[in-house]
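A.B. asks: kindly return the folded structure for what I paste below:
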Amino acid sequence: GDPSTLPQLTFLLPAVAVAGTNVVLEVHGRNITAGWTIAFDGASVATTIGALSDGTGATATVTLASSIATGQVPVWLGSGTQRSNTLYLTVTPAAGAPTIVDYTPDNALPGATISIIGTNFATESVTIRDPLGRVIPVVATSTTTWVGVTRDRVDIVIPADMPSGVLTATNSLGSYRGRIFNVGQNLARATGAIATSSTQYNATNWSTVSGWDNNLQTSWFSANGDCATSVSCTTIPFFQVGFASPQVVGRIAMRGNREYMSGYDFLEGWFEVIDANGATLWKAAYLLPQPDRDLDIVFRVPIAGAAAVRFTSIADESIEPGFSELEVFGPP
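C.D. replies: Predicted coordinates for the structure are as follows:
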């Protein structure tokens, strides 16, 4: 869709709720106009479009059933076949139930081993289910330091026939659904792909490599003094992934940096698909939503002939903003 007309969601109020309660849910963002309806957990709900604290937004009263699955509940705006980007309301789990904090990586091909990072995986036996509800064997359990905090970790192997979708962790005290895990080739990691950036903070832990290494815990940061927002900055940050041969792009994903949850984020940027001659096939500006600045841009009509995907900052928080990953995928 054209971002000049589609809503771009930036945050939800509240962001956390408890099962068995009624919630007045505010959906904040840009381009929210009459005719758009809140979809909560995939079902449309009665929606009011009107003034919120930061402009026009959408409001709905949502009843959270006592039996609702705890964890990440998807929320978006829809109008006919069109839909906005997705945000998540967290339904608080029961005490002692597992939680899913992140996946690493958050995409993989069938047969690959991935790690689920969370809590309460070790105190009781935990069961992982795929988007079809099938149990996936846990091949390893451990603890890990995830963005400076000790977390539990379980490793699983992606089944050959698993579709993209939600992974769920369950123990005897409750369950928790995570966000969507994407099955498929991340074209940024395909053979022959390369990445370039305006600058890098250093050549080690915050280098260009960290922006496309498929590791959410590592981040690329531009050099000190680079930004788009401050008048004192001289270089506007950009990051580009190029492919060895033309690709068909169905989705672009940006994952905000996990190392510094505020103060060093990109707030808005140009996303651009470029052909082999350097011509722009598609370009649009997108806000990067709170709280984690994760964004998925899904093309209703995939873009063929892509030689590169580029991100350029429009607004940022600091003089060396960064993100954890720029990912690119083919059609679903």
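
A.B. asks: avg pLDDT for stretch 108-119?
C.D. replies: Stretch 108-119 carries an average pLDDT of 97.

A.B. asks: contacts for stretch 15-27, please.
C.D. replies: Contact partners of stretch 15-27, identified using CB atoms under 8 Å, 6 or more residues apart in numbering, comprise 9, 12-14, 38, 40, 52, 57-68, 70, 75, 77, 87, 89-92, 291. Placement of C-beta: from N, CA and C, glycine included.

A.B. asks: sorry, wrong one. I was asking about stretch 162-179.
C.D. replies: Stretch 162-179 is contacted by residues 69-72, 88, 93-100, 103, 106, 110, 116, 118, 120-121, 123-132, 136, 154, 180-184, 332 when judged by CB under 8 Å, 6+ apart.

A.B. asks: got it, and stretch 125-139?
C.D. replies: With contact meaning CB under 8 Å, 6+ apart, stretch 125-139 is reached by 98, 113, 116, 120, 141, 154-157, 159, 162-172, 181.

A.B. asks: just the buried residues of the residues you listed.
C.D. replies: Buried subset of the contacts of stretch 125-139 (neighbour count, 16 or more other CB atoms under 10 Å): 98, 116, 120, 154-157, 162, 165-171, 181.

A.B. asks: hmm, back to that, which among the contacts of stretch 15-27 end up buried?
C.D. replies: 9, 12, 38, 40, 52, 57-60, 62, 64, 68, 70, 75, 77, 87, 89-92.

A.B. asks: among the residues you listed, which ones are in strands?
C.D. replies: 9, 12, 38, 40, 52, 57-60, 62, 75, 77, 87, 89-91 (DSSP state E).

A.B. asks: who does the top strand by length along the chain touch, helix- and strand-wise?
C.D. replies: In the chain, with assignment by DSSP E, the single longest strand is strand 295-316. Strand 295-316 sits against strand 238-256, strand 266-274, strand 280-287, strand 322-329, with contacts defined as 3 or more CB pairs under 8 Å, 6 or more residues apart in numbering; DSSP states H and E.

A.B. asks: if we use 7 Å, what do you get?
C.D. replies: strand 238-256, strand 266-274, strand 280-287 (3 or more CB pairs under 7 Å, 6 or more residues apart in numbering; DSSP states H and E).

A.B. asks: residue 219 against residue 206, yeah?
C.D. replies: Yes: shown here, residue 219 and residue 206 form a contact pair, counting by CB atoms under 7 Å, at 6.4 Å.

A.B. asks: shared neighbours, these two?
C.D. replies: residue 322 (CB atoms under 7 Å, 6 or more residues apart in numbering).

A.B. asks: looking at the two, which one has more neighbours?
C.D. replies: Each of residue 219 and residue 206 has its neighbours counted (other CB atoms under 10 Å); residue 219 has more, 26 against 22.

A.B. asks: for the most centrally placed residue in the chain, give its distance to residue 143.
C.D. replies: In the chain, the centroid-proximal residue (CA atoms, centre = their mean) is residue 294; its distance is 3.4 Å. Distance, residue 294 to residue 143, using CB to CB, to the nearest Å: 24 Å.

A.B. asks: which residue is the nearest non-sequential neighbour of residue 235?
C.D. replies: Excluding its sequence neighbours, the residue lying closest to residue 235 (CB to CB, 6 or more residues apart in numbering) is residue 226, at 4.4 Å.

A.B. asks: what's the span of stretch 104-114 from first residue to last?
C.D. replies: 6 Å (CA to CA, to the nearest Å).

A.B. asks: whoops, stretch 252-260 was the one
C.D. replies: Using CA to CA, the two ends of stretch 252-260 sit 22 Å apart.

A.B. asks: thought residue 256 was touching residue 323?
C.D. replies: Yes: between residue 256 and residue 323 there is a contact under CB under 7 Å: 5.5 Å.

A.B. asks: show me which pair in the buried ones among the contacts of stretch 125-139 is furthest apart.
C.D. replies: 120 and 162 (23.8 Å; CB to CB).

A.B. asks: so residue 210: helix, strand or coil?
C.D. replies: Assigned state for residue 210: helix (three-state reduction, DSSP: H, G, I helix; E, B strand; the rest coil).

A.B. asks: what's the local residue count around the residue lying closest to it once chain neighbours are set aside?
C.D. replies: Among residues not flanking residue 210 along the chain, residue 218 sits closest, at 4.0 Å (CB to CB, 6+ apart). Residue 218 has 19 neighbours, counted by other CB under 10 Å.
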